[in-house]
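1. Please find the sequence and the predicted model below.
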Amino acid sequence: MARRGEEEYDYLFKIVLIGDSGVGKSNLLSRFTRNEFSLESKSTIGVEFATRTLQVEGRIIKAQIWDTAGQERYRAITSAYYRGALGAILVYDVTKPTTFENISRWLKELRDHADSNIVILLIGNKTDLKHLQAVASEDAQSYAEKESLSFIETSALDAINVEEAFQMILAEIYRTISKKTLSSSEETGSGPNAGIKEGKTIQVSGAEANTTKQCGST
């Protein structure tokens with residue numbers, strides 16, 4: 001396929017990253033979109049997003065990844081950002097069992113606020129700390145199967161399986177979208193996220209969309 005312009009793409013997929021504070025959501029986002037990792041990463045305040053355009057199954061997909069704050073006090077703010085999301089990544093820290101135990105709470109919130117057909121991926125992050133791993137891979141895999149989630153373990157620090165994780169969820173979203181007719185996107189063509197909801201192409205002005213931040217606004 002011929003190389004396309006910076007802002008040309010076939011589909012725009014909105015994906016939300018959710019999970020407890022400190023599990024590495026922001027570093028997963030920066031590793032995937034900018035191939036960067038920061039040991040000094042601070043907790044996300046409110047919500048921010050970054051984008052990356054890539055090819056998935058022969059189509060040009062613009063992935064718009066929203067990083068939601070894990071702190072309890074921001075949950076009321078971030079719940080509005082589930083609207084229009086086609087995919088969600090639930091993240092826990094493999095060295096902290098509590099973050100895995102809280103996945104069920106995040107999953108419930110997600111299912112309460114998001115579209116019922118949303119594609120969900122469970123990620124166990126920080127596998128570079130293998131000697132400290134406290135959540136067994138088998139337990140996470142079993143939970144994922146029970147809840148009909150995809151599952152993968154990653155290390156944002158070592159860039160292990162990060163690309164694969166995002167490719168996995170984007171491909172699954174694309175397969176879900178391609179099974180539907182796009183007529184429903186015209187029927188629901190109201191509101192700021194209407195075009196995103198069914199994967200319809202949205203033209204974004206400006207080439208630096210990946211620097212856009214939304215902090216606590218609705």
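-> Alright, I've got the coordinates. Everything numeric here is computed off the predicted structure, so don't read it as measured data. Numbering: from 1, shown residues only.

2. Report all helices and strands that the longest helix anywhere in the chain contacts.
-> Assignment by DSSP state H gives helix 162-178 as the longest helix of the chain. The elements that helix 162-178 packs onto, with contact taken as 3 or more C-beta pairs under 8 Å, 6 or more residues apart in numbering; DSSP states H and E, are strand 11-18, helix 25-34, strand 47-56, strand 59-68, strand 87-93, strand 119-125, strand 150-153. C-betas here are computed from N, CA, C, even on glycine.

3. try it again with 6 Å
-> Applying 3 or more C-beta pairs under 6 Å, 6 or more residues apart in numbering; DSSP states H and E, one finds that helix 162-178 contacts helix 25-34, strand 47-56, strand 119-125.

4. what pLDDT does G195 get?
-> Looking at G195, its pLDDT is 40.

5. Quick check: the spatially closest residue to S30 that is not a sequence neighbour vs L28, distance?
-> Among residues not flanking S30 along the chain, E36 sits closest, at 4.6 Å (C-beta to C-beta, 6 or more residues apart in numbering). Distance from E36 to L28, counting by C-beta to C-beta, to the nearest Å: 11 Å.

6. ok now the longest helix of the chain, how far from the chain's centre?
-> 10 Å (C-alpha atoms, centre = their mean, to the nearest Å).

7. contacting residues for L121?
-> Contact partners of L121, counting by C-beta atoms under 6 Å, 6 or more residues apart in numbering, are 89, 150, 169.

8. cool, and L132?
-> L132 neighbours (C-beta under 6 Å, 6+ apart): T95.

9. And it, what's its pLDDT?
-> pLDDT recorded at L132 is 98.

10. Then T188?
-> 51.

11. Which strand residues bridge L12?
-> Beta bridges link L12 to K62, judged by DSSP bridges.

12. tally of neighbours for it?
-> Burial measure for L12: 20 neighbouring residues, criterion other C-beta atoms under 10 Å.

13. Alright, calling it a day.
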